[in-house]
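Student: Sequence first, then the predicted structure:
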Amino acid sequence: MDVAESAARRLAWGVHNAVGFVFMLVWTAGCISLALLVLLATRRRDVALRMAARGWAPVLLAGAPARLVVEGADSVDWSRPYLLVANHQSVIDICALFRAVPVPLHFLLKQEMTKVPFVGWYARACGMLFIERDNPRAGPRLRREAAALMRDGHTLCLFPEGTRSRSGAVAPFKGGSFQSAVDAGVDVLPVAIDGAGDVLPPEGFRVRAGVITVRFGAPLPTADASGAAGRQALADAAHASVLALLRRSA
């Protein structure tokens, strides 16, 4: 590839990303506005959550363009609630998970997301949970809220690494993240996301075409995960499961 062709490709992707960023903002605002209206009319959070899975997420994935491959979902009993734990490569992970999970999905989000117009409004209205990292006293309350959500039959997703991976390596999972599943008596469902960081890197908005694979593992029981040691053992088992699922793509 000569210099002129390389420059032309960079320019084309630059234009694509600029247009894509604007479209993402407009599409997200429009979808959320519609979802909030539906929620106001029906009082059904499950409907508003599934609108994200069936409308918002697939359009953004197609616009990347990213092809989504889902493996193992047919082996999961989705009539049961889970604490879904996944590695975190990119903000587009949210789109991929919304699309891959066939039931209404709640997320544990950073408290800062409540300040983001539209996204924060939607998240609060749909019953998402928020973590206050600078407030240690908020932890017990958050665990109670998460356990109550799952006891009520809802599936909650969190990223137990605590932040997006810049290198693609999966950081250790924090045991405290799993206490709510133990309290609620629900299984932990490991999920591996592969390729999202290549489609949309964790820093900036530089989209590239690619394949995102979401691979579901076997549920992990929480009945014996008592105390700090048991909780950390559960986290380590989930971490090992995610790593094994990622190795399937190697």
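Tutor: Looks like it arrived, so ask away.

Student: Give me the buried positions along stretch 32-45.
Tutor: By 16 or more other Cβ atoms under 10 Å, the buried positions in stretch 32-45 come out as Ile32, Ala35, Leu36, Leu39, Arg45. For the C-beta atoms, the positions are set from N, CA and C on the backbone; glycine is no exception.

Student: Using PDB, list the CA coordinates for that stretch.
Tutor: Only the C-alpha atoms of stretch 32-45 are listed here, as PDB (Å, rounded to 0.1, in the frame of the first residue of the first chain):
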ATOM      1  CA  ILE A  32     -33.800   6.600  25.000                       C
ATOM      2  CA  SER A  33     -36.500   9.200  24.500                       C
ATOM      3  CA  LEU A  34     -38.800   6.600  22.900                       C
ATOM      4  CA  ALA A  35     -38.000   4.000  25.600                       C
ATOM      5  CA  LEU A  36     -38.800   6.600  28.400                       C
ATOM      6  CA  LEU A  37     -42.100   7.400  26.700                       C
ATOM      7  CA  VAL A  38     -42.900   3.700  26.500                       C
ATOM      8  CA  LEU A  39     -41.900   3.300  30.200                       C
ATOM      9  CA  LEU A  40     -44.000   6.200  31.200                       C
ATOM     10  CA  ALA A  41     -47.000   4.700  29.400                       C
ATOM     11  CA  THR A  42     -46.700   1.100  30.400                       C
ATOM     12  CA  ARG A  43     -44.700   1.200  33.700                       C
ATOM     13  CA  ARG A  44     -42.800  -1.800  32.400                       C
ATOM     14  CA  ARG A  45     -39.100  -1.700  32.800                       C
END
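
Student: Please compute how far the helix or strand of the chain with the lowest mean pLDDT lies from its chain's middle.
Tutor: One helix or strand of the chain scores below all others by mean pLDDT, DSSP states H and E: helix 3-42, with a mean of 88. Centroid separation for helix 3-42 versus its chain: 19 Å, with Cα atoms, centre = their mean, to the nearest Å.
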